[in-house]
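> Return atomic coordinates for the entry below.
(one chain, ligands or ions: 3)
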Amino acid sequence: MPAPNSSVAAFVAEIAALCKPAAIHWCDGSEAEYSALCARLVSEGTLIPLNPAKRPNSYLARSTPDDVARLEHRTFICTTDAAEAGPTNNWREPVAMRAELNTLLDGAMAGRTLYVLPFVMASGTPIEMFGVQVTDSAYVAASMHIMTRMGADVLARMEGKPFVRCVHSVGAPLAQGETSSSWPSNPTHKYIAHFPETAEIMSFGSGYGGNALLGKKCLALRLASVEAHKSGWLAEHMLIVGLESPEGEKAYVAGAFPSACGKTNFAMVEPPEDMKGWTVSTVGDDIAWLFAGPRGELRAVNPEAGFFGVAPGTSAKTNPVAMDMVGHDCIFTNCALTEDGDVWWEGMGTPPDRLIDWQGRPWTPDAGRPAAHPNARFTVRATNCRTLDANWNAPEGVEISALLFGGRLSKTFPLVFEAQDWAEGVLWAATLSSEATAAAEGQADIRRDPFAMLPFCGYNIADYMAHWLAFKDKLTVDVPIFRVNWFRKDENGRFIWPGFRENTRVLRWVVERARGRVEARSGLLGGLPRHEDLVNGSGSIDAARFDILMASDPDEIRAELEGQKRHLAGMGEALDGPFAPSYRHIHDRLDAAAATRH
Ligand SMILES: Nc1nc2c(ncn2[C@@H]2O[C@H](COP(=O)(O)OP(=O)(O)OP(=O)(O)O)[C@@H](O)[C@H]2O)c(=O)[nH]1
Ligand SMILES: O=C([O-])CC(=O)C(=O)O
Ligand SMILES: [Mn+2]
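Ligands and ions are numbered 1, 2, ... in the order given. This is a model prediction of the structure:
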């Protein structure tokens, strides 16, 4: 516990006076504390212990059906000036929003324990950020144990330093003698509110990870992006992965794909059989903080300490590293439960004859509904991952050789192409689009998701894009930018590219390009791999199918460019100027190709 006059103690006292919890627990971050939290959650029915012979020290949680994903329409950026939040965020005036939330928070923790979680993101790095989350959810406290570096040591280290005030309540006060439901949340009021001017986050009504683990999307992306804009770095929705050659040469790549588009899978991809001697290592699977290093090189750190990953689709075949990682010491949420006390989800393999589905109902393979929620998740410590990189914790971060941006697109976009230069790369990132995912509620079928940051950029997206364009000036070491797309489909609606471990070939090509060791042939969109360079004798995809995978239809591209321009216009006219030269280049390539064909 801090000295009673410290700003942390004052913050906790203020929130406790407002929320009126029955007890206050200062989290020390110990193993014993984690076990006690889990035991309490088992006794309250929130966690179901899994069969220890199958999955030691692991649990299943089931949320209510209305609390399964991030709530973008209830996520707010609260700034004095609405223009600061920009066209992509829901804006609220901070004084009015705080008043509204304070009314809801008054007595909101009655009958519950208020947990105090001192935590740090990107611990020990030059850009570390401290936070203190108070929460009335033991599930959130246990999850923060896994996902962040937190506890007594962090509290001691943050004394006298600025920290983000993070208030979270599930909004389900208990009357005298009333016991908690297994997934407390508020059915009518939900808010995820950010106050960048005062470094505060207030989250009410939801227990779901993306809404409730405030170190993650709320601090490490929304508030950190504001801080990064001010201080000359970048807070990004990116994985970080390392690739080491058989000769022991190593390079790291960071990549932004929208939610549920493959970051976790790519971050721990296992090289295919014929790539013997190549090693992939994992630094991060969701968030990267990027900054310029002393040599003008691009560096990255993963601010988190755990993985909160999508379970469905994960199998021994598609992601053996993740399957191994979630084999013990794991909290699962909204997966199905087997008769022998293990978890199951769609895509794991043949379903058992009988299951209990994610809502606790009996399920059989002919039920006509998924057994696990499509956004069912696992929560594990990074140290569970057998491919964890030796430098994952390094305070100086790792040097990034290339950047990737990729969405889930069934047409138009090839497996991979390299942007001509930084500005063109930023353009392809700014206009990134993807087909629907399950990680957010209520989104359109296809949406533009600039930098995979649409739901996470805490300030005006036009300023964010300008910040990206200008960031190049901090780098003297060139960092090429690539677009990737694992999800292109053929005329029968099947994925053309096998994906998963095969994606290692794309990673290798990207790294070789960054080193200037392999040629790219010029395509309409940018530099493309030659078939022989990508498959490298493996026969993973034949030349004819590869051509289909890599082809660009000029009419589709022209339509795409029109769509991009409409999207950019909707984000503020400041964008007309900076991208104009890149658009001229792309149109020139299209015109030249049309001229040679006629
Ligand atoms: N076809 C295909 N599917 C993939 C590939 N990589 C990942 N997926 C599927 O895409 C879904 C999401 O993958 P994740 O790796 O969890 O996505 P993510 O970007 O980490 O998601 P968030 O945690 O929501 O940010 C899963 O169902 C995967 O099975 C791939 O290369 N090909
Ligand atoms: O925040 C979440 O719900 C999980 C996540 O990683 C994302 O949606 O990108
Ligand atoms: Mn994510």
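> Any stretches of the stretch 351-500 of the chain with poor pLDDT?
In the predicted model of the stretch 351-500 of the chain, residues 437-444 satisfy pLDDT under 70.
> Quick check: residues of it near ligand 1?
A439, W486, F487, F495, G499, F500 (C-beta under 6 Å from any ligand atom). Backbone N, C-alpha and C define where each C-beta goes, glycine included.
> For whichever residue of the stretch 1-150 of the chain sits closest to ligand 3, name its beta-bridge partners.
Nearest to ligand 3 in the stretch 1-150 of the chain, going by C-beta to the ion, is R70, at a distance of 9.1 Å. Beta-bridge pairing for R70 (DSSP bridges): A440.
> so how many other residues sit close to it?
As a burial measure, R70 scores 21 neighbours (other C-beta atoms under 10 Å).
> In the stretch 201-350 of the chain, which residue sits closest to ligand 2?
Closest residue of the stretch 201-350 of the chain to ligand 2, C-beta to the nearest ligand atom: G210 (2.5 Å).
> in a strand, that's where that residue is, yeah?
No: G210 sits outside any strand when classified using DSSP: H, G, I helix; E, B strand; the rest coil, being helix.
> What parts of the stretch 51-200 of the chain come near ligand 2?
The stretch 51-200 of the chain comes close to ligand 2 at residues R70, as judged by C-beta under 6 Å from any ligand atom.
> which stretches of the stretch 51-200 of the chain form helices?
Taking DSSP state H, counting those that start in this stretch, the helices of the stretch 51-200 of the chain run over residues 82-85, 94-105, 138-147, 152-158.
> same deal with the stretch 401-550 of the chain?
Using DSSP H, counting those that start in this stretch, the helices of the stretch 401-550 of the chain run over residues 422-430, 461-471, 503-514, 531-535, 543-550.
> so which of the residues of the stretch 351-500 of the chain next to ligand 1 would you say is closest to ligand 3?
Relative to ligand 3, the closest of these is A439; by C-beta to the ion it sits at 6.7 Å.
> Hmm, L454 and the residue of the stretch 1-150 of the chain closest to ligand 3 touching each other?
No: contact between R70 and L454 fails when scored by C-beta atoms under 8 Å: they sit 11.5 Å apart.
> got a list of what M109 touches?
If you count contacts by C-beta atoms under 8 Å, 6 or more residues apart in numbering, M109 has them with C19, K20, P21, A22, D136, S169, P173.
> Buried only: go through these for me.
C19, K20, P21, D136, S169, P173 (16 or more other C-beta atoms under 10 Å).
> okay, those residues in CSV with pLDDT next?
As requested, the buried ones among the contacts of M109 are exported to CSV (pLDDT from 0 to 100):
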residue, pLDDT
C19, 99
K20, 98
P21, 98
D136, 98
S169, 99
P173, 98
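> one step back: turn the helices of the stretch 51-200 of the chain into CSV, columns for mean pLDDT and mean neighbour count.
Shown next, in CSV, are those (pLDDT from 0 to 100; neighbours: other C-beta atoms under 10 Å):
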stretch, mean pLDDT, mean neighbour count
helix 82-85, 98, 17
helix 94-105, 98, 16
helix 138-147, 98, 27
helix 152-158, 97, 18
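> closest one to F482 among those helices?
Nearest to F482 among those is helix 138-147 (28.8 Å), distances taken as C-beta to C-beta.
> The closest one packs against which elements?
Judged by 3 or more C-beta pairs under 8 Å, 6 or more residues apart in numbering; DSSP states H and E, the packing partners of helix 138-147 are helix 31-43, strand 113-121, strand 129-135, helix 209-212, strand 306-310, strand 330-333, strand 377-381.
> As TSV, the ones you listed with mean neighbour count would be great.
Converted to TSV, the helices and strands packed on helix 138-147 look like this (neighbours: other C-beta atoms under 10 Å):
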stretch	mean neighbour count
helix 31-43	15
strand 113-121	25
strand 129-135	25
helix 209-212	25
strand 306-310	25
strand 330-333	26
strand 377-381	23
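> Just list the residues touching the residue nearest to W26 when sequence neighbours are not counted, thanks.
In this structure, W26 finds its nearest non-sequential neighbour in V116, 4.7 Å apart by C-beta to C-beta, 6 or more residues apart in numbering. By C-beta under 8 Å, 6+ apart, the residues touching V116 are V12, I24, H25, W26, C27, V132, Q133, V134.
> who's the second one bridged to?
Read it as I24. Beta-bridge partners for I24, by DSSP bridges, are L114.
> What residues does it make contact with?
For I24, the contacting residues are V12, A16, T113, L114, V116, by C-beta under 8 Å, 6+ apart.
> Go again with 10 Å.
M1, V12, A13, I15, A16, M109, T113, L114, Y115, V116, V134 (C-beta atoms under 10 Å, 6 or more residues apart in numbering).
> Next, the contact list for the spatially closest residue to D153 that is not a sequence neighbour, please.
Distances taken as C-beta to C-beta, 6+ apart put G29 closest to D153, at 7.0 Å, once the chain neighbours are dropped. Contact partners of G29, counting by C-beta under 10 Å, 6+ apart, are 117-119, 144-145, 148-155.
> Out of these, which comes closest to L404?
Nearest member of those to L404, counting by C-beta to C-beta, is T148, at 25.8 Å.
> Correct me if wrong: the closest one contacts V154.
Yes: here T148 reaches V154: they are 8.6 Å apart, a contact under C-beta atoms under 10 Å.
> measure stretch 205-214 end to end?
Start to finish, the residues bounding stretch 205-214 are 13 Å apart (C-alpha to C-alpha, to the nearest Å).
> ditto for stretch 407-426
Per C-alpha to C-alpha, stretch 407-426 runs 15 Å from first to last residue.
> Now do the buried residues in that stretch.
For stretch 407-426, a neighbour-count test (16+ other C-beta under 10 Å) marks 407-409, 412-426 as buried.
> Same question for stretch 543-550.
F546, L549, M550.
> Export those as JSON lines, with columns for distance to ligand 3 and pLDDT.
Converted to JSON lines, those look like this (distance: C-beta to the ion, whole Å; pLDDT from 0 to 100):
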{"residue": "F546", "distance to ligand 3": "30", "pLDDT": "97"}
{"residue": "L549", "distance to ligand 3": "26", "pLDDT": "98"}
{"residue": "M550", "distance to ligand 3": "28", "pLDDT": "97"}
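> Distance to ligand 1 added to those, as JSON lines?
Shown next, in JSON lines, are the buried residues of stretch 543-550 (distance: C-beta to the nearest ligand atom, whole Å):
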{"residue": "F546", "distance to ligand 1": "16"}
{"residue": "L549", "distance to ligand 1": "13"}
{"residue": "M550", "distance to ligand 1": "16"}
